[in-house]
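K.L.:
fold the following.
(one chain, ligands or ions: 1)
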Amino acid sequence: MINIGIMGLGTVGTGVVELLEKNQHVISQRLGEAINVKKILVRDLSKKRTPCAEGKLTLRAEDILEDEEINIVVELMGGEEPAKSYIKKALQNKKHVVTANKEVISKHGKELFELAEKSGVSLLFEASVGGGIPIIRPMKQCLAANRILKISGILNGTTNYILTQMEEKGRNFEEALREAQRLGYAESDPSDDIKGFDAARKLAILSSIAFNTRITPDKVYVEGIERIEPEDIKYAGELGYSIKLVASARKVGEREIEVIVAPVMLKQSHPLSAVRDVYNAILVEGDAVGKVMFFGQGAGKMPTASAVVADIMDAARQGMRRRIYCTCYDELKVIDVGSSTSRFYIRLKAKDRPGVLSKISGAFGENDISLNMVIQKDVKGNVAEIVMVTHQVPFRNLQKALDEIKDLQDVENVANVIRVEGATSDGIHGNHR
Ligand SMILES: NC(=O)c1ccc[n+]([C@@H]2O[C@H](COP(=O)([O-])OP(=O)(O)OC[C@H]3O[C@@H](n4cnc5c(N)ncnc54)[C@H](OP(=O)(O)O)[C@@H]3O)[C@@H](O)[C@H]2O)c1
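P.N.:
Numbering: from 1, shown residues only. Below you'll find the model as predicted:
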C-alpha cells in the first residue's frame, strides 16, 4: 500500500480523493498496489467536506511532511506561499511531489527540480497546464524524438468562454465576463485570467519543456483580452477570422525563441479557432511528427483530478531509473517582442476628410509597413472607422508608426491592434485601396 498526503481539499483536492475512492479498484489493478490517502491538510476544520475525507483532516503541515510512512505529497492548495515551502520540504524529506500549481512551477521550477534531482525523487505537474489534457508527459515522452518548432494554444478557459460569448451571442466584454462569473468560470477578481497572466504561467511551463530552456513568466510578453470590443469581433468575422487569446512560443533562429500571449485573429479553418467555451487546446509542431493537437477540459474538479491521480500513480511506480527528468538543459534567448513579426489588424477612428488616409498610409510607409487591406467602415457624424491589415512586419515598426498616427490631427484614436495569424497569401480579401 502506498500512503499519500494531500495538501488542500478545495475543488481539485476533493476531486482527487473522490476519484481515488470511486476508481480504487482499477487504480490498484493497474498499479499493482493500493493508494491510501493518509492525511489531508486544510485551513478550516469546520467546513463541510466530502465523506471520502472523513477522519483524515489536519491543520498541521508537519503531519504530512514529517510522516515517514507518506511517500507522495500532493500539493493542491494553490498560490505561491506556503505551497512552495511545503513542496521544498517534501522534496528535502525525499518524498515524491505531485502538484497542479502553475504559479510555483513556472516561477520556481529550476530550484525545485534541482532539489528533486538531488533527493532522487519526482516532481510531477501534469495538471498545472491544460487541467485534464495530457500535455506535459506527451511532450516529455511521446514527442521526445522531435525538435519542437512551435507550440500554440488556448490555455485559459475563462477568456475563451468570454470571447466565444462575444462572438456567438453578440455580448460585449463586460456582459460576457459577468456571465462567466455567474457560471463560476471566472473568479470575482478575474484579472489574472483576462490580463493573460494565467496563460503566461502555463506557456512558461510548456515552452520550457518544448525548447529545453528555463522560461519564467516574466519573460513572456503578455496582452490580455480586456480591450477587445464587439466591433473587432464583428470585423474579424466579416474577414473570416475568430479572435482567440493565443499563447504561443516558437523558434525564431538557432538560439532564439519568441514567447507571446496575446489576442490573435485566427482563420476560421484554423484548428484552434474551433475551440469554444471553457475548452483548452494545444497545438504542437514537431519536425518529425508534424502538427498534433491536444484538446479537452482545461479545468474543473474531475478533469483536473484525472491528471493529478495519473501523476500520483506514476510517482508510485517510479524508482530512480524511470523518473522523468527536468529537461531544461539549454539556454536560449527570448527575443524582445519588438523584433517579433506578425500581420496586424488595426482599427482606428479618423475625421472623414480628404487626405487623411494618405497621411496614415504615409506613416506606415515611412516605417516599412505595407498594407494588405484598408476598409473604411461606418461613418458617424464626420468620423470614419477604418480597418487595416498589414503584411508581416516587426512589432517595433508598427508601434512607431502608430505613435506617429496617434499624433495626426485628424486621427481620433487607435481603438485596437490585434495580431493576425498566417501569411498574407492565406488571403484577407477586402477592399484594397
Ligand atoms: N480548479 C481547477 O479547475 C484547477 C485546474 C487546474 C489546476 N488547478 C490548480 O490546482 C490548485 C488547487 O486549486 P483549487 O481550485 O482546488 O483551489 P481551492 O478550491 O481554492 O482549494 C484550495 C484548498 O487549499 C487549502 N489551503 C489553501 N491555503 C492553505 C494553507 N495556507 N494551509 C492549509 N490549507 C490551505 C484550502 O483549505 P480550506 O478548504 O480549509 O479553505 C482549500 O482546501 C491550484 O494550484 C490551481 O491553480 C486548479
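K.L.:
what about the nearest residue to residue 132 once chain neighbours are set aside, neighbour count?
P.N.:
Closest residue to residue 132 apart from its sequence neighbours, by Cβ to Cβ, 6 or more residues apart in numbering: residue 303 at 2.8 Å. (C-beta placed from N, C-alpha, C; glycine too.) If you count neighbours by other Cβ atoms under 10 Å, residue 303 ends up with 19.
K.L.:
any idea how far residue 284 lies from the ligand?
P.N.:
Spatial separation of residue 284 from the ligand under the definition Cβ to the nearest ligand atom, to the nearest Å is 20 Å.
K.L.:
surely that residue is in a helix?
P.N.:
No. Checked against DSSP: H, G, I helix; E, B strand; the rest coil, residue 284 lies outside a helix; its state is strand.
K.L.:
bridged to it, which residues?
P.N.:
Residue 284 has the following beta-bridge partners by DSSP bridges: residue 151, residue 292.
K.L.:
re earlier: verify the contact between the residue nearest to residue 132 and residue 297 for me.
P.N.:
Yes. Residue 303 lies in contact with residue 297 (Cβ atoms under 8 Å); the separation is 3.9 Å.
K.L.:
that older thread, what's the distance between the residue nearest to residue 132 and residue 11?
P.N.:
When Cβ to Cβ, to the nearest Å is applied, the distance between residue 303 and residue 11 equals 11 Å.
K.L.:
ok, back up a step: list residues touching both of residue 303 and residue 297?
P.N.:
With contacts taken as Cβ atoms under 8 Å, 6 or more residues apart in numbering, residue 303 and residue 297 have 131, 132, 133 as neighbours in common.
K.L.:
in the protein, which residue sits nearest the ligand?
P.N.:
Residue of the chain nearest the ligand, by Cβ to the nearest ligand atom: residue 10 (1.8 Å).
K.L.:
wait, that residue touches residue 53, no?
P.N.:
No. In this structure residue 10 lies outside contact range of residue 53 using Cβ under 8 Å: 11.6 Å.
K.L.:
which members of the shared contacts of residue 303 and residue 297 additionally contact the ligand?
P.N.:
residue 131 (Cβ under 6 Å from any ligand atom).
K.L.:
filter the shared contacts of residue 303 and residue 297 down to the ones in helices?
P.N.:
Restricting these to those inside helices, with DSSP state H as the criterion, leaves an empty set.
K.L.:
can you redo the shared contacts of residue 303 and residue 297 as JSON lines with pLDDT, neighbour count and distance to residue 249?
P.N.:
Formatted as JSON lines, the shared contacts of residue 303 and residue 297 follow (pLDDT from 0 to 100; neighbours: other Cβ atoms under 10 Å; distance: Cβ to Cβ, whole Å):
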{"residue": "131", "pLDDT": "94", "neighbour count": "29", "distance to residue 249": "20"}
{"residue": "132", "pLDDT": "94", "neighbour count": "22", "distance to residue 249": "22"}
{"residue": "133", "pLDDT": "97", "neighbour count": "25", "distance to residue 249": "17"}
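K.L.:
wait, which of the shared contacts of residue 303 and residue 297 is closest to residue 188?
P.N.:
Looking at those and their distance to residue 188, the nearest is residue 131, at 20.5 Å (Cβ to Cβ).
K.L.:
residues touching the closest one, list them.
P.N.:
157, 280, 296, 297, 298, 299, 300, 303, 304, 307.
K.L.:
PyMOL command for the buried members of the residues you listed?
P.N.:
Under the burial definition 16 or more other Cβ atoms under 10 Å, those of the contacts of residue 131 that qualify are selected in PyMOL by:
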select buried, resi 157+280+296+297+298+299+300+303+304+307
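K.L.:
show me how the record splits the protein into domains.
P.N.:
In terms of domains, the chain is parsed into 2-131+303-322, 136-296, 338-426 (source: automatic domain parsing).
K.L.:
give me the mean pLDDT for the second one.
P.N.:
Regarding domain 136-296, the rounded mean pLDDT is 96.
K.L.:
near the ligand, which residues of the protein show up?
P.N.:
Looking at the ligand, the residues of the chain close enough under Cβ under 6 Å from any ligand atom are 8-13, 41-44, 47, 76-78, 82, 100-102, 127, 131, 299-300, 304.
K.L.:
surely residue 378 forms part of a strand?
P.N.:
Yes. Under the criterion used here (three-state DSSP), residue 378 sits inside a strand.
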